[in-house]
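>>> Have a look at this fold, sequence not included:
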Ligand SMILES: Cc1cc2nc3c(=O)[nH]c(=O)nc-3n(C[C@H](O)[C@H](O)[C@H](O)COP(=O)(O)O)c2cc1C
């Protein structure tokens with residue numbers, strides 16, 4: 001294994017999840033098949049109510065990206081009112097990273113698990129892909145799929161009626177050309193409350209606690 005990858009694969013879990021960033025620009029080399037396998041295996045460990053496995057994944061890399069770009073172009077052209085630069089930009093999303101993994105919420109009809117929970121599992125699978133990429137030194141970016149409801153894009157991913165795209169994870173090597181701006185830490189008090197014994201929502205008292213945020217690595 002490559003030295004830097006060995007090092008990165010040894011980062012502890014909290015460092016991995018707190019230093020993951022969305023790549024601004026992804027270049028070659030893309031992930032190896034072994035690295036993809038680790039990402040996909042990590043995806044399948046997402047929390048999953050009743051073990052429905054309400055997700056599936058499509059890997060797109062190499063020349064297959066052109067087939068995906070074609071489908072998006074056809075979908076955009078079918079809209080009929082989009083300017084050519086808009087069509088080109090949408091289709092170009094398919095080829096701007098060396099590889100991508102489309103994440104599909106594949107709901108199980110009739111299952112006694114609400115659809116929102118099934119989709120939450122698919123979203124957790126997507127995040128696991130991003131984290132497993134980062135743990136292996138592969139940069140990632142979770143992006144929306146252009147025209148995800150079009151017949152052409154649904155067909156290229158083989159979507160059935162109960163399925164929906166949750167986005168795709170672009171994968172590759174982070175380019176130095178476009179730096180990632182530092183992440184502004186969220187105000188935990190603004191997004192968190194604590195339920196009190198009397199049934200009220202109160203401000204969670206965090207004064208005096210510190211959370212060490214590891215330095216960003218990419
Ligand atoms: C489902 C989903 C779709 C997204 N689609 C896009 C997108 O198309 N374009 C984009 O710039 N960011 C998109 N984002 C946001 C980025 O993935 C990323 O979270 C954001 O830029 C913040 O960067 P960070 O992950 O480094 O904090 C999407 C996020 C999610 C969860």
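Structure's in. What do you need? Since this is a predicted model, take the numbers as computed values, not measurements.

>>> Kindly report the residues of the protein close to the ligand.
Residues of the chain lying close to the ligand by Cβ under 6 Å from any ligand atom are 21, 22, 141, 142, 143, 144, 166, 167, 183. Placement of C-beta: from N, CA and C, glycine included.

>>> my guess is the second one meets residue 134, correct?
So the one you mean is residue 22. No - contact status for residue 22 versus residue 134: not in contact, 10.4 Å apart, counting by Cβ atoms under 8 Å.

>>> Compare the two and say which one has the larger neighbour count.
residue 134 (23 against 14; other Cβ atoms under 10 Å).

>>> Which helix runs longest in the chain?
helix 115-135 (DSSP state H).

>>> Would you mind getting the angle between the helix or strand hosting residue 34 and helix 115-135?
In this assignment (DSSP states H and E), residue 34 forms part of helix 33-43. Counting by axes from the mean of the first three to the mean of the last three Cα atoms, to 10 degrees, helix 33-43 points 140 degrees away from the direction of helix 115-135.

>>> pLDDT on helix 33-43, on average?
The average of the pLDDT scores along helix 33-43 is 98.

>>> ditto for stretch 178-186
Stretch 178-186 comes out with an average pLDDT of 91.

>>> just to revisit the earlier point, intersection of neighbour lists for residue 22 and residue 134?
By the contact definition Cβ atoms under 8 Å, 6 or more residues apart in numbering, residue 22 and residue 134 are jointly contacted by residue 140.

>>> so where does the residue nearest the centre of the chain fall, helix or strand?
With distances taken as Cα atoms, centre = their mean, residue 142 lies nearest the centre of the chain, 3.5 Å away. Using DSSP H and E, residue 142 sits within strand 139-143.

>>> now the strands for this structure?
Here the chain has its strands, by DSSP state E, at 26-27, 55-61, 99-106, 139-143, 163-174, 193-195, 201-203.
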